[in-house]
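Visitor: Next input, structure requested:
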Amino acid sequence: MNEQVPEAMRWSTENCTISRTMEILGDKWTFHVLRELFVGVRRFEDIRTRAGVPRQVLTDRLAALIERGLIRRHPYRLPGQRERYEYRLTQAGLDLYPVLVAMIQWGDQHLPLDGGPPIESRHRGDCDAHVTVVLRCEAGHEPTPREVALRPGPTAKPRALAG
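Guide: Numbers count the residues shown, from 1 in each chain. Below you'll find the predicted structure:
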């Protein structure tokens, strides 16, 4: 009997990009915080109230996002009050926008609500068309997911074989 072993079984996942990304983004609250920043909610109490994030959890997530370079603190002061901070996306944080749009797109397709979506991605300005995320190769083709192969890259390591 000739058992087919998937090619992926030959490669280690110890330095996997997905795993490294999920170390930053993989908890329940991180994308809730990022969502608020993407829609322009920048101040701690506003984020906490709108997203329903427990205070200590929000403090921890903001600190982690700052440490990882996805957001930065920006000082502000209301008249008669002490200096406080609001949170703004860095370029690394802004680069997650397509991920957020893809999550919205997936949710609207697979978890639809009667009456339509609660949030829409729209092109600002005069256009106002829906924005979608599309897979596109460097040659300009738009392959389906089944037409995309995840292959070992230059830093892939062979998997250690068991005993």
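
Visitor: so where is the chain shaky, pLDDT-wise?
Guide: Where the chain drops to pLDDT under 70, the residues are 1-2, 162-163.

Visitor: repeat that with 80
Guide: 1-3, 161-163 (pLDDT under 80).

Visitor: what sits against residue 145?
Guide: Contact partners of residue 145, counting by C-beta atoms under 8 Å, 6 or more residues apart in numbering, are residue 135. Heads up, the C-betas are built off the backbone N, CA and C, glycines and all.

Visitor: Could you report the separation of it from residue 152?
Guide: 19 Å (C-beta to C-beta, to the nearest Å).

Visitor: Check residue 23 too.
Guide: From residue 23 over to residue 152 (counting by C-beta to C-beta), the distance is 21 Å.

Visitor: what do you get for residue 126?
Guide: As defined by C-beta to C-beta, residue 126 lies at a distance of 45 Å from residue 152.

Visitor: Let me see the domain layout of the chain.
Guide: 16-95, 97-163 (automatic domain parsing).

Visitor: what about the first one, how long is it end to end?
Guide: Yep, that's domain 16-95 we're talking about. Terminal residues of domain 16-95 lie 19 Å apart, using C-alpha to C-alpha, to the nearest Å.

Visitor: Looking at residue 126 and residue 152, which is more packed in?
Guide: Per other C-beta atoms under 10 Å, whichever of residue 126 and residue 152 has more neighbours is residue 152, with 13 against 6.

Visitor: Now that one: closest residue in space, sequence neighbours ignored.
Guide: Setting aside the residues directly before and after it, residue 152 is nearest to residue 11 in space (C-beta to C-beta, 6 or more residues apart in numbering), at 5.0 Å.

Visitor: was I right about that neighbour contacting residue 155?
Guide: No - judged on C-beta atoms under 8 Å, residue 11 makes no contact with residue 155 at a distance of 10.8 Å.

Visitor: Which one of the two is surrounded by more residues?
Guide: A side-by-side neighbour count of residue 11 and residue 155, using other C-beta under 10 Å, places residue 11 first with 17 against 7.

Visitor: Pull the contacting residues for that one.
Guide: Contacts for residue 11 (C-beta under 8 Å, 6+ apart) come out as 152, 156, 157, 158, 159.
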